[in-house]
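Enquirer: sequence plus the predicted model coming up.
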Amino acid sequence: MKIYNLGRALVLTGIIELILASLFYSDKKVILSVLLGDYSYFCLLIGVIVIAVYGAITKN
C-alpha cells in the first residue's frame with residue numbers, strides 16, 4: 001500500500017507543479033514555468049507508472 005500512496009503523491013505533486021507553472025507563465029516568468037512544466041510531466045509519468053505496476057503486482 002505504501003507504493004500505491006507514493007504513486008498518488010507523485011501525481012498530486014505533478015498537478016500542483018502544473019498549476020504553479022501556469023501561474024508563473026501568466027506572470028511572464030517563462031523559464032521557471034518551463035522548468036516546472038518539465039518536472040510536472042516527469043512526476044505525473046512516474047506516478048502513473050508506479051500506480052500501474054502496483055496494480056499489476058497486486059492483481060495476481
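Expert: Now that the structure is in, tell me what you want to look at.
Enquirer: residues in contact with residue 50?
Expert: 3-4, 6-7, 10 (CB atoms under 8 Å, 6 or more residues apart in numbering). Glycine gets a C-beta too; all of them are placed from N, C-alpha and C.
Enquirer: how about the host helix or strand of it: buried residues?
Expert: Following DSSP states H and E, one finds residue 50 within helix 30-59. Neighbour counts over helix 30-59 (16 or more other CB atoms under 10 Å) mark 33, 36-37, 39-40, 43-44, 46-47, 50-51, 54 as buried.
Enquirer: from the contacts of residue 50, pick the one nearest residue 16.
Expert: Distances from residue 16 to these, taken as CB to CB, are shortest for residue 10 (10.8 Å).
Enquirer: how far away is that closest one from residue 25?
Expert: According to CB to CB, to the nearest Å, residue 10 stands 22 Å off from residue 25.
Enquirer: among the buried residues of helix 30-59, which one lies nearest to residue 18?
Expert: Distances from residue 18 to those, taken by CB to CB, are shortest for residue 40, at 4.3 Å.
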